[in-house]
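Engineer: pasted the sequence and its predicted model underneath.
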Protein chains: 6
Amino acid sequence: MFYHVKELQYQAKPERPDPVYAKKLQEVLGGQFGEISVAMQYLFQGWNTRGDGKYRDLLMDTGTEELAHIEMLSTMIARLLDGAPVGAQEEAAKDPVMNAILGGMNPQHIIVSGLGAMPADSVGNRWTADYIAASGNLLADFRANLNAESQGRLQVARLYYETTDRGVRDMLSWLLARDTMHQNQWIAAIKELEAKENVVVPSTFPKHLEKQEVSYVLFNLSEGDESAAGRWASGPSMDGLGTFQYVQNPAPFGPKPKLKPSPPYIFNTPPAVMRTEQIPPNLM
Amino acid sequence: MFYHVKELQYQAKPERPDPVYAKKLQEVLGGQFGEISVAMQYLFQGWNTRGDGKYRDLLMDTGTEELAHIEMLSTMIARLLDGAPVGAQEEAAKDPVMNAILGGMNPQHIIVSGLGAMPADSVGNRWTADYIAASGNLLADFRANLNAESQGRLQVARLYYETTDRGVRDMLSWLLARDTMHQNQWIAAIKELEAKENVVVPSTFPKHLEKQEVSYVLFNLSEGDESAAGRWASGPSMDGLGTFQYVQNPAPFGPKPKLKPSPPYIFNTPPAVMRTEQIPPNLM
Amino acid sequence: MFYHVKELQYQAKPERPDPVYAKKLQEVLGGQFGEISVAMQYLFQGWNTRGDGKYRDLLMDTGTEELAHIEMLSTMIARLLDGAPVGAQEEAAKDPVMNAILGGMNPQHIIVSGLGAMPADSVGNRWTADYIAASGNLLADFRANLNAESQGRLQVARLYYETTDRGVRDMLSWLLARDTMHQNQWIAAIKELEAKENVVVPSTFPKHLEKQEVSYVLFNLSEGDESAAGRWASGPSMDGLGTFQYVQNPAPFGPKPKLKPSPPYIFNTPPAVMRTEQIPPNLM
Amino acid sequence: MFYHVKELQYQAKPERPDPVYAKKLQEVLGGQFGEISVAMQYLFQGWNTRGDGKYRDLLMDTGTEELAHIEMLSTMIARLLDGAPVGAQEEAAKDPVMNAILGGMNPQHIIVSGLGAMPADSVGNRWTADYIAASGNLLADFRANLNAESQGRLQVARLYYETTDRGVRDMLSWLLARDTMHQNQWIAAIKELEAKENVVVPSTFPKHLEKQEVSYVLFNLSEGDESAAGRWASGPSMDGLGTFQYVQNPAPFGPKPKLKPSPPYIFNTPPAVMRTEQIPPNLM
Amino acid sequence: MFYHVKELQYQAKPERPDPVYAKKLQEVLGGQFGEISVAMQYLFQGWNTRGDGKYRDLLMDTGTEELAHIEMLSTMIARLLDGAPVGAQEEAAKDPVMNAILGGMNPQHIIVSGLGAMPADSVGNRWTADYIAASGNLLADFRANLNAESQGRLQVARLYYETTDRGVRDMLSWLLARDTMHQNQWIAAIKELEAKENVVVPSTFPKHLEKQEVSYVLFNLSEGDESAAGRWASGPSMDGLGTFQYVQNPAPFGPKPKLKPSPPYIFNTPPAVMRTEQIPPNLM
Amino acid sequence: MFYHVKELQYQAKPERPDPVYAKKLQEVLGGQFGEISVAMQYLFQGWNTRGDGKYRDLLMDTGTEELAHIEMLSTMIARLLDGAPVGAQEEAAKDPVMNAILGGMNPQHIIVSGLGAMPADSVGNRWTADYIAASGNLLADFRANLNAESQGRLQVARLYYETTDRGVRDMLSWLLARDTMHQNQWIAAIKELEAKENVVVPSTFPKHLEKQEVSYVLFNLSEGDESAAGRWASGPSMDGLGTFQYVQNPAPFGPKPKLKPSPPYIFNTPPAVMRTEQIPPNLM
């Protein structure tokens, strides 16, 4: 159960409106690796954790914080949109600055949200749960989390250099720091689980049931052997259970597949037609 | 540029048809962490890599292999659907086995694909590029890859136990082994990049521009301090640049936000209405 | 900013597992009118409210409560999935009860979420922000809210009769009661705003700029005049500004449109081809 | 069954082309609350109405009209795109007006639709049936309709002020008037149903089966008690069946949830790993 | 502008309810090639046709008919759902027929639409305008239409054999016949346009601007030369402007690409890291 | 199974960066009829073909080539983005060229992909398998392919005129030529199948089971009889099995539908409410 206080976790006040930047900032609110994604991902992982304890608590701590980040970004975007102009294009075209603003804005910030933030990314794709993962396997999921925080901090870093507004940058410096923490914490949690289990997910699947002769083999399927120079192509495998090998000219292990004809009630191309391989005379 | 040979990378032949299992197997073909996802993710990462060399080559090697896995799964699914029945439900209901088959199949395997595999997951959601990431930052992207292989191998492991067909299990044992390799290889590549850069992505963002006082702080936002017991709550941070701290009672750092009224041409609720906080007499 | 406590707002414990029902219950968690939808809708409306005061506070109160409902439903679904079977279909088909369970389950509850709740509806569509509205106009948005609570309570009522599990029904009785409150509260808020403004949204658009001769007219465009018997077809309009009229045989007010040809660089069907209306001789 | 006449319900002719405005106008054609949404919503509600009579007829009357609005908007958009330029950006940049046009256009209006309207919103999201509702419960659905007409008219009002073209404004004045009627008519229909049933949907669910002690309670879950001042916090409830109460400090009613471990064949994090809460020595 | 009459274009009455079949029948209502798709596709093509005349009229005739087919299918589905059971699974499992019905139904037909048709396909994906095309080039679009009618009739044929209900089959026999007509009419229209223009779309793009040396070449990129036996591999090309050639061993025409490093403010993997190809010592 | 070589099928090198054009070019990479669509469509059709031989080989040849086109376009887009600027809007607005670039770019090319191509269209919609078809019936599918190549070549032609960059045009001239071949080849394959089967898909559905009296009838459902002048309205039908007829005033063949009330546990509007058609007194 949740409680809300009206104060923001950190201030979210730009020096001045900038509706073009508001559009861009949507990416880290409602994009694939935005704050909605991490909030929902951590909360669902937390709720699905079977077993109490520190992992579940960590997920709930962090998921709850991300809700505060959604709030900060929504507030910032609404303020960047303050008084955004609505103007006929023919007039705007005469004023290059106005024109730049109108051309670069998300039109839905006027028409749909009335100068409010939207649960959408920087090109207007609405947020979707396609973006998140909660598998019940914490090592897998913490890797999803580390990925999300890495992609997310990268995007905030890029956005930092797309503005000179000190208020915006101040808030982004908060998010960058928190993403630093969150990357650190998921790395710590991953190391802990890797030490307890093994590095390959899921660690409990019986080793003898996989085709072990290809468990540590790199197939050179893209011409050129630059990749043979990597750590992944020789030496002991990272899980300590094998040795990396590099196969220069990988051949197929399987035969050509040939599918049986389908039954008539499927109405696929009839086998007779499929077989008649010569060209009908009237087409020559 | 690509070349195709008709042979499969590994055989994909079930002992017998099982259209219900065909539906489930779609998950690792066209689901969020299925083979289409990893193929497209690695290829796009490879094509976008700025700089030649082993990372790009590794991505193209692996992306090209995943195309072969799409092919194997498509072949297997088509064979699991061999001769799948089409029957009026009233008749099927009399035969419990038939009934189980018809009730558990994906109806689109008959109606839409005519006994063929689909680029969709186990409940019929069509594949979407929402699932993949290619950011231009290899450390971020290799973490995305490690996550994808972890989630993917986990799903294959679960599917292994949902069938007893030796042909299906044989193919899955191949995929499990290859996922073992791919997890190992991305871990190797990640370690290499972490050693060259640092563990926090992006490593090149100037440290002093983030709000460093909260870069290593865990806020206890979910009541209960189980998470204080983790490696992430004390000791040196994983990036070696700070010390983890645990904040038992985190308070807001920011003020209550108050947004300005919008201009009249936005047609939001007028400020006067917003201000009049007493209840109109006729509503009491 | 948010705080979380580990206790649930209300208990969420079924008498026994029922993975088939877990699939159905997803509808009110992650469906169009599920708890994710109302949580996100109210929170975004609250954050975008320009002006402090009771409306914003009400939205935040209620949005925060809906987060607790997501948590309750996630918990319930995970418990309904407790120990859900994974079995080869050929074996399951021999046991009708097992068969019914396997056939009726969402396969992703095994393969993807590992017996956890998903941000998806009862057929597996992932939640999307397409479902929600936050326009900046509170009267419009409170109507969206009343709709969401009406559709949502309707769905919970239907689900109540799809189970006899007393634990599930107990939790649903909580949700039904809360939806009763939420419908009541949005009706109250709507009435208040309608009294302050007018019933037509947006109330501030200048009346003379709309084509007033058709502002209160019902066009009988579907043959049969049953609809003439409604309150909407005669008498004073609900906004008190006009009189309803019923037009038995509505004729077009506009001319036939004729679009100009496109320029050649668009490569549409060329005007010459479009004009030549006779059939070419070789086709007769 | 439907018949089409070539005349438009109302004229749709701009004074001059304006491809930037064409992009914006897409919102009320193919957006969440655009004409496709209301047409499809009303028609599906009508077709699903169980029982003949005035409600079904009203839905079919109005749904049929909305098809005419799709046609008017499509025609208007095609004309706004008349002769839209296709130019290399380096040349366009020299001419600020041309530049403004090219930068603000939807590129798909050239590349994909060849100067035609698209079933998409103002940022290019294709129309989806995620936007609509047809539940079989008319009171719920008429609330969905009132919401759609409120959001839709709001968007048209905003668009009215984004152009000075008298032809466009003339057509919008028609749509504004029709939306006035449609809001009035759904309000009338809602009032009629509320008078026959009760205000809470569904009215037929047995009252005693909901947890009545919380049916009229506002939980103050967002700090600050501004919302206590609303009509929804005291006095008789809107359904006449209870009394509103305001709970200042809402506590959880339920216990902390604890989920059981999952079976081994799910391959979640093993319970032993979950339990071992101390940090492994090699990580300190 | 449209008019509606209450009569159906053709009767839509099953002999008896069959909620499992209702789920399947959704495919040709709201699936990729269902009636919503063809209605919307033809109407948008018609509205966007620049030039009056027979093509536009044909599109509007047919698009208007497809609206009637949506209506027929919606009616049929509602009737197939008549009195569909809502039962606790544990009870249903005792009755195999009931069990088959409940397991095979779309749960949203109860929970969401209240026994009504939905704008969705047979697995519950909501209809999306991703499915349709309207390009402004009629030859391209008529090919889209012929494809849609071919896929659509194929699906109806498959559905015909999934039921023995004479009422359902009677209605499907109508749709099959209409799809026969629609395939015939689009073939006729295509032949007419091909005769006026040429077979390659767009016919007006200057021939000399394409790389003509590869305009009629089949590259054998999938090992094995079965495809050399086709009409497409030798003889005059279908457009009469070239000669088909078969290239047995196709080589690349382009060089290896090498992308420049990105600027520092993009925060991609730094060039120095990309270049250092040896493995750091601590990883060996 | 696939092999990759590093060389491109054809060169992909622009004369100079043009990030605005990069955004547009995304359409033919990741749009509805872009290269991802044709690659996936042909490969899935090939893998699902039941029967070996030339059709399957042709599909695999062409699908494999389309993978090379994805690669070429990705490379071109990355180069068009070379060094794309990231600037605060207030500064950019002073420089009209910079402003034009920033306003016209896809912001995700900076924030999300770090100057790389994306699997998305020109407005940012991510690629989805909604776009493709693989039905198992080759005649239906080759029509899908001909449509895709027609729409695709049309889009490339339009894009050709949106740039003057000789490098870009050079690559587009390759794609235009290949689309010429692909249209030619699918036409050849279609003609072959039509000669072997018949023109109506599926050719194997028993003719007597369709309602033959309407198999060749054009219903004039859109007022005006321009369409009566077409080849489709008179003369022998294209399948040689009937005669086209034109029905000037088409009447419904079916009755008015009337749906039964739903059971109480569905909670739809109760029949009593539905029946009471008079307006309650208190609403007059």
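Structural biologist: Ah, there it is.
Engineer: number of residues surrounding the closest residue to chain F within chain A?
Structural biologist: Across chain A, the shortest distance to chain F (C-beta to the nearest C-beta) belongs to A:Val123, at 3.1 Å. Where you see a C-beta, it was placed from the backbone N, CA and C, and this is true even at glycine. If you count neighbours by other C-beta atoms under 10 Å in any protein chain shown, A:Val123 ends up with 27.
Engineer: need the pLDDT of the closest residue to it other than its chain neighbours.
Structural biologist: Of all residues not flanking A:Val123 in the chain, F:Gly124 sits nearest, at 3.1 Å (C-beta to C-beta, 6 or more residues apart in numbering or on different chains). On pLDDT, F:Gly124 comes in at 98.
Engineer: my read is A:Glu66 is in a helix, agree?
Structural biologist: Yes: counting by DSSP: H, G, I helix; E, B strand; the rest coil, A:Glu66 is located in a helix.
Engineer: gap between it and B:Thr204?
Structural biologist: Counting by C-beta to C-beta, to the nearest Å, the separation of A:Glu66 from B:Thr204 is 25 Å.
Engineer: then A:Ser74?
Structural biologist: For A:Ser74 relative to B:Thr204 (C-beta to C-beta), the value is 29 Å.
Engineer: between these two, who's got more neighbours?
Structural biologist: A:Ser74 (27 against 17).
Engineer: contact partners for the more buried one?
Structural biologist: By C-beta atoms under 8 Å, 6 or more residues apart in numbering or on different chains, A:Ser74 lies in contact with A:Leu29, A:Gly116, A:Ala117, C:Phe44, C:Trp47, C:Asn48.
Engineer: stretch A:16-25 close to chain B?
Structural biologist: No: against chain B, stretch A:16-25 shows no contacts by C-beta under 8 Å from any C-beta of the partner chain, the least distance being 9.6 Å.
Engineer: shouldn't A:Gln45 be in contact with A:Leu59?
Structural biologist: Yes: contact status for A:Gln45 versus A:Leu59: in contact at 5.0 Å, counting by C-beta atoms under 8 Å.
Engineer: any common contacting residues for these two?
Structural biologist: In contact with both A:Gln45 and A:Leu59: no residue, using C-beta under 8 Å, 6+ apart.
Engineer: returning to that earlier point: just checking, the residue nearest to A:Val123 is part of a strand?
Structural biologist: No: judged by three-state DSSP, F:Gly124 forms no part of a strand; its state is coil.
Engineer: how many neighbours does it have?
Structural biologist: Residues lying near F:Gly124 (other C-beta under 10 Å) number 23.
Engineer: shouldn't it be in contact with A:Gly124?
Structural biologist: Yes: judged on C-beta under 8 Å, F:Gly124 makes contact with A:Gly124 at a distance of 6.8 Å.
Engineer: pull up the overlap in contacts between the two.
Structural biologist: D:Val123, D:Gly124.
Engineer: how is chain A carved up into domains?
Structural biologist: Chain A is divided into the following domains under automatic domain parsing: A:19-196, A:207-247.
Engineer: phi, psi of A:Ala120?
Structural biologist: phi -150, psi 170 (degrees, to the nearest 10).
Engineer: that one - how many residues pack around it?
Structural biologist: 28.
Engineer: give the contact list for it.
Structural biologist: Counted by C-beta under 8 Å, 6+ apart, A:Ala120 has contacts A:Gln26, A:Gly30, A:Gln108, A:Arg126, A:Trp127, C:Ala129.
Engineer: could you do A:Asp141 as well?
Structural biologist: Contact analysis of A:Asp141 by C-beta under 8 Å, 6+ apart lists A:Gln45, A:Ala133, A:Ala134, A:Ser135.
Engineer: so it is in which element?
Structural biologist: Using DSSP states H and E, A:Asp141 maps to helix A:138-160.
Engineer: pLDDT of the longest helix along chain A, averaged?
Structural biologist: Counting by DSSP state H, the longest helix found in chain A is helix A:166-196. For helix A:166-196, mean pLDDT rounds to 98.
Engineer: can you check stretch A:99-115 too?
Structural biologist: 91.
Engineer: one more: stretch A:22-29?
Structural biologist: What stretch A:22-29 shows for mean pLDDT is 98.
Engineer: so is that stretch next to chain E?
Structural biologist: No: Stretch A:22-29 lies apart from chain E when judged by C-beta under 8 Å from any C-beta; the minimum separation is 13.8 Å.
Engineer: ok, that stretch near chain F or not?
Structural biologist: Yes: Stretch A:22-29 reaches chain F (C-beta under 8 Å from any C-beta) through A:Lys23, A:Lys24, A:Glu27, A:Val28.
Engineer: wait, the second one touches F:Ile111, no?
Structural biologist: Read it as A:Lys24. Yes: between A:Lys24 and F:Ile111 there is a contact under C-beta under 8 Å: 6.6 Å.
Engineer: which neighbours do these two share?
Structural biologist: A:Ser122, A:Leu159, A:Glu162.
Engineer: just to be sure, A:Pro14 is in a helix?
Structural biologist: No: A:Pro14: not assigned to a helix; according to three-state DSSP it is coil.
Engineer: spatially, what comes nearest to it if we skip its sequence neighbours?
Structural biologist: Using C-beta to C-beta, 6+ apart, the nearest residue to A:Pro14 is A:Gly167, at 4.2 Å.
Engineer: number of nearby residues for the closest residue to A:Arg126 other than its chain neighbours?
Structural biologist: Nearest-residue entry for A:Arg126: C:Ala129, 3.9 Å, with adjacent residues in sequence omitted and distances by C-beta to C-beta, 6+ apart. For C:Ala129, the neighbour count with other C-beta under 10 Å is 24.
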